[in-house]
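Quick one, structure for this:
(chains A and B)
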Amino acid sequence: MITFSIVHRWWLQEQPEYGMGYQRGVVTLSTGTRETGVILNGSTFVKQDELRSMTPTDIAKAEAVAHISRLSITNVELIPRAPDTLRGVRRISTFSAYNRQKSAQYELVNEVLRASQGAKDSPVTVTLDGEVFNRFSAYVNDIRITAMRGLKPGTFATTAEDAKNVHTGREAVARYALENKQSANKRFTIKPAEKTSLQQGVVQPAYGEPGGGVEVIFVKGTCDHSVSEPDILPE
Amino acid sequence: MRVHLNKKWQSKLANLPETSMGSQHVDIFLKDGRVIRDVPIFNGEDCETTQPFSPANIEDIRLHKG
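Sure thing, here's the model as predicted:
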């Protein structure tokens, strides 16, 4: 199993499913080989023949460690479902403003992210109304948080969606490749105002950690009263 | 070893961007002429270094470039 980059994940979430919860496609790996398989939840690729031999428990375990794979996916082409297999299925077509904005942002960052996936090398985009982020820290009194509970310019965080993968401070150190090996078990929740400037990318392996999470940089910080008191996670 | 920086340098670092979540990489310029390059500082206050120094001996701290 191999995890898709955030660029591919953004693209995949805009594409139709083949069946409930999955898509089918042909990927090109970093080695240049092409593999046909199934894309689970728009985020993880598994080869067709591998999937046949796996139990649900096997799949869950493999998904949890898929981001550690040395291989990466450089391209993906979806296999559309044959129209005759969709007879009787009612097609409902909606496309929200939120998705349109996300697509526009995807187009903007796509080219740069393909070359270098760290947030620092990504273009500046803006948050949408209601987006939530988290920051993991070893410190309750995190120095990046202002007295008025905003974030200072140039502060790193992650999306709330990505933070769901982290249940302990040690997991945060691994997923966000933190240099400080103290448990980052203080989880701050950030609710920035709409149109707050940020850069977004994928955490590259560093400091002996695999990375693989989503990282964002709040270029100009966030507004007052946008950062919660921390939740304390297990070590 | 870790060296805990005083408030003066904490204030300066708090207003400089991070290098990654929770850390900054800096060059530390000492009053005795030494420069300790590319050292990580956590939470703008804890410096991880193999070269011992006194916080009172710091002339300047700048973000490491490169």
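
From here on, just use CA atoms for contacts and neighbour counts.
Fine.

At the contact with chain A, which residues of chain B appear?
Contact residues (CA under 8 Å from any CA of the partner chain) of chain B with chain A: B:14, B:15, B:16, B:17, B:18, B:20, B:21, B:22, B:23, B:42, B:43, B:44.

Between those, which sits nearest chain A?
Distance to chain A, by CA to the nearest CA, is smallest for residue B:17 among the residues of chain B next to chain A, at 4.0 Å.

before we move on, what SS does that closest one have?
Here residue B:17 is coil, with the state taken from DSSP: H, G, I helix; E, B strand; the rest coil.

before we move on, back to that, quick one: buried ones out of the residues of chain B next to chain A?
B:14, B:16, B:17, B:18, B:20, B:21, B:22, B:23, B:42, B:43, B:44 (16 or more other CA atoms under 10 Å in any protein chain shown).

Of the residues you listed, which belong to helices?
Taking DSSP state H, the ones among those that sit in helices are residue B:14.

Dump the buried ones among the residues of chain B next to chain A into TSV; add pLDDT as well.
Formatted as TSV, those follow (pLDDT from 0 to 100):
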residue	pLDDT
B:14	94
B:16	95
B:17	95
B:18	95
B:20	92
B:21	95
B:22	96
B:23	96
B:42	97
B:43	97
B:44	96
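
mind giving me TSV with the buried ones among the residues of chain B next to chain A and columns for distance to residue B:1?
Output for these, formatted as TSV (distance: CA to CA, whole Å):
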residue	distance to residue B:1
B:14	22
B:16	23
B:17	24
B:18	21
B:20	20
B:21	21
B:22	18
B:23	16
B:42	13
B:43	16
B:44	16
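
Just want the phi and psi numbers for the residue lying closest to residue A:5 once chain neighbours are set aside.
The spatial neighbour of residue A:5 that comes closest, neighbours along the chain excluded (CA to CA, 6 or more residues apart in numbering or on different chains), is residue A:202 at 7.1 Å. For residue A:202, the backbone dihedrals are phi -110, psi 130 (criterion: degrees, to the nearest 10).
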